[in-house]
Structure formats: structure tokens, C-alpha cells
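Trainee: sequence unknown, structure follows:
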């Protein structure tokens, strides 16, 4: 028994990269369930989200992180801060990139910062199912010269290509130690947060232009009931009255669609029937105001 304890490995792995490189798709694939919301739009993830993978011989505590970018307002600053906090706490960083073009100068600055943290960085070049194999060789060579990555692996988070390899490499760089969480523990993600994220995901899916980025969701009430449906009252906050009108739609049709689809997914995720009530309110310029951000849960 003593020798088994010595060979168990556990630690933290931050999944980092620019917006829309596939971080949330990857963590969902690793864990085998939908932890992080996923949409085609960049900047969907706003907070670091923790998911735990426990298998024989190891436990990886993953952090899905917001995309690294040049922030232009307070919400984006918060998102970048969340990403860096996860990276600095990690035992291993899984850096994700795309194979479509060589890294830009701003990427090079970020890789330079990573190298000073003295943390092993595995580079996962994602979406390789979308390019010809020949085009990968110069991209990999460019990244290899750019920074001292512990490993460079071409993957497809969507198709599952090389994900077992990535997991084995993460484990390789984890320290030996006892698991941080019980074997059946999956996330610190509570049902209120789950519900708010699902509603926000549907806003990202159903509305275009600036609307999703000007929107945040707060669960005002979440009542579990022994008999009958759970009751959830959610507030969708926007920045302008015109945005409120778009969210609601003509005769309330748009918000009804969001409510129906979100309710169905919430029920699927929590395994119980739900009565979902959606309201829309305006908080002007909430994305640019630190105090308003804090009040809305961006702490």
C-alpha cells in the first residue's frame, strides 16, 4: 500500500490560450461531461472554472481559463487576471494555439512571460483536423524556436485526436502526492452558477453583434422543492434599453426561446425538473465599472 501512495500523482493544470482556441471544448472532452459552456464566439469563458479528473494513479485539477488578450475595458481586465491567476497556481500549463498562422508578436511576449514562471508548458496545437498535415510542420518549427516548451503536440479537441497523449504528458509533469479531492468530486461549480452559465450560453448562441458581450446573468432565486419543479429566477443584465428590447424580442418571443432551451439544458444537467423565470434589466456600462462588476459576481 505504501508504494502505491508514493506513485500517485496529483496537481493543477491550467488550460490557457487566446480566445476561441478550443479550451472549453478540450476540458469538456477530458472530463467526459459539459463543465464549460461552448459557443463559436470568442470570449465566452469569463471566469476560471475548475474540473477534477481522477483516474488510477493520478488526479488532475484542471482550470479552464478566459482567453488571453489585450484588455480594453474592466471586464476584460478581470478575465485576463483570472487566466493569469490560474497559470501562476498551476503545476503544469497546457497552452493552446491554432495551426492557421504563425504566432504574432503579442503571442511571443506572452510566451516570454510564461518562461519566467518556471512551470512546464505543454503546447497543444488544436484544430489540426482543419489543416493539411504538411502545413503543420513549419508551424510547429516556429513555436519550437519561440519558447522552451516541455512538449509540443498537435491535437483536435473536437475530434479527440491525441488527447490521451496529452493527458499522459500532463501526468508526467505532475508532482507525486495525495489527491486533493475525493475520487467522485468533479467541480466546485455549484448549480446556481451552472444555471447562470447555461442561460448566458444561450444568449451567446441566439443573439449577434454586441449583445452577448454586453450581457451577464445573475440567479436571484434558486429554490429546490421536494415536490414539484425547482424554481429559478434569473436576471439577464444588459447595458442599454435598446439591448433590453432586443433580448426580449417582439411579443417576448426571443426571450421565450432562450428560456425554453436553457430550461431544458438545466434540467438535463441537474437531473430535476425546473420552472425558469427570466427577467431583463439594465445596468449602464456595467462592463466598464469595477464596482458594478464586483456586485455582479466578478470578484
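Mentor: Ah, there it is. The structure presented is a predicted model; accordingly, all values stated were derived computationally and were not measured.
Trainee: low-confidence ranges, the stretch 101-250 of the chain, go.
Mentor: Within the stretch 101-250 of the chain, no range satisfies pLDDT under 70.
Trainee: residue boundaries of the helices in it?
Mentor: 105-116, 133-146, 163-173, 191-206, 241-248 (DSSP state H, counting those that start in this stretch).
Trainee: return the most buried member of those helices.
Mentor: Across these, averaging neighbours per residue (mean count of other CB atoms under 10 Å) puts helix 191-206 on top, at a mean of 21. Glycine gets a C-beta too; all of them are placed from N, C-alpha and C.
Trainee: hmm, back to that, quick one, which of the helices of the stretch 101-250 of the chain gets closest to residue 156.
Mentor: helix 163-173 (8.4 Å; CB to CB).
Trainee: and the closest one, what does it pack onto?
Mentor: helix 23-31, strand 58-64, strand 92-97, strand 121-125, strand 151-154 (3 or more CB pairs under 8 Å, 6 or more residues apart in numbering; DSSP states H and E).
Trainee: and the next helix or strand past the longest one?
Mentor: Sequence-wise, the next helix or strand beyond helix 23-31 is strand 49-55, with elements assigned using DSSP states H and E.
Trainee: by how many degrees do that next one and helix 23-31 diverge?
Mentor: Taking axes from the mean of the first three to the mean of the last three CA atoms, to 10 degrees, one finds strand 49-55 and helix 23-31 inclined to each other by 30 degrees.
Trainee: angle of strand 49-55 against strand 58-64?
Mentor: Interaxial angle, strand 49-55 versus strand 58-64 (the same axes, to 10 degrees): 160 degrees.
Trainee: give me the mean pLDDT for strand 49-55.
Mentor: Averaging pLDDT along strand 49-55 yields 97.
Trainee: which neighbouring elements make contact with it?
Mentor: Partner elements for strand 49-55 (3+ CB pairs under 8 Å, 6+ apart): helix 23-31, strand 58-64.
Trainee: deepest-packed of these, please.
Mentor: Among the helices and strands packed on strand 49-55, highest average neighbours (mean count of other CB under 10 Å) belong to strand 58-64, with a mean of 24.
Trainee: got the domain ranges for this protein?
Mentor: 2-173, 191-295 (automatic domain parsing).
Trainee: what's the closest of the ones you listed to residue 184?
Mentor: So among the domains of the chain, domain 2-173 is nearest, using CB to CB, at 7.9 Å.
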